[in-house]
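In: what follows is a protein structure lacking sequence information:
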């Protein structure tokens, strides 16, 4: 049997695609989703029949039930969000571009 990964998603505009993919996949369990815009959270929750969301990224990072953080926030936030997820011991999926500068890449390494 294949491992099922437990997913948290931040950024529910562009993140809609991974929400849809996770729900349709037998490899993913969508644990929680996050956006600073509560209306976006409510819209995605209704669209996908979900009952859980947060406005606080720290809540995703601190959730022991989440293995992987999918980052779909604006490009300039990717570096910070990736670092926070890795520091929290999470695996990371990030939309492109991964980072916006070579300095940010060096810092992340």
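Out: That came in fine, so what should we check first? Here the structure is a predicted model, which is why all the values come from computation and not from measurement.

In: and the strands in this structure, which stretches?
Out: 5-10, 28-34, 68-71, 91-94 (DSSP state E).

In: need those in JSON lines with mean pLDDT, distance to residue 60 and mean neighbour count, can you?
Out: All C-beta spots, glycine's among them, are computed from the backbone N, C-alpha and C. Converted to JSON lines, those look like this (pLDDT from 0 to 100; distance: least, C-beta to C-beta, whole Å; neighbours: other C-beta atoms under 10 Å):
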{"stretch": "strand 5-10", "mean pLDDT": "98", "distance to residue 60": "4", "mean neighbour count": "22"}
{"stretch": "strand 28-34", "mean pLDDT": "96", "distance to residue 60": "5", "mean neighbour count": "21"}
{"stretch": "strand 68-71", "mean pLDDT": "98", "distance to residue 60": "6", "mean neighbour count": "24"}
{"stretch": "strand 91-94", "mean pLDDT": "97", "distance to residue 60": "12", "mean neighbour count": "16"}
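
In: let me know which of the ones you listed is the nearest to residue 85.
Out: strand 68-71 (4.1 Å; C-beta to C-beta).

In: ok, and what's touching the closest one?
Out: Contacts to strand 68-71, defined as C-beta atoms under 8 Å, 6 or more residues apart in numbering, come from residues 5-11, 15, 18, 60-61, 78, 81-82, 85, 88, 90-95.
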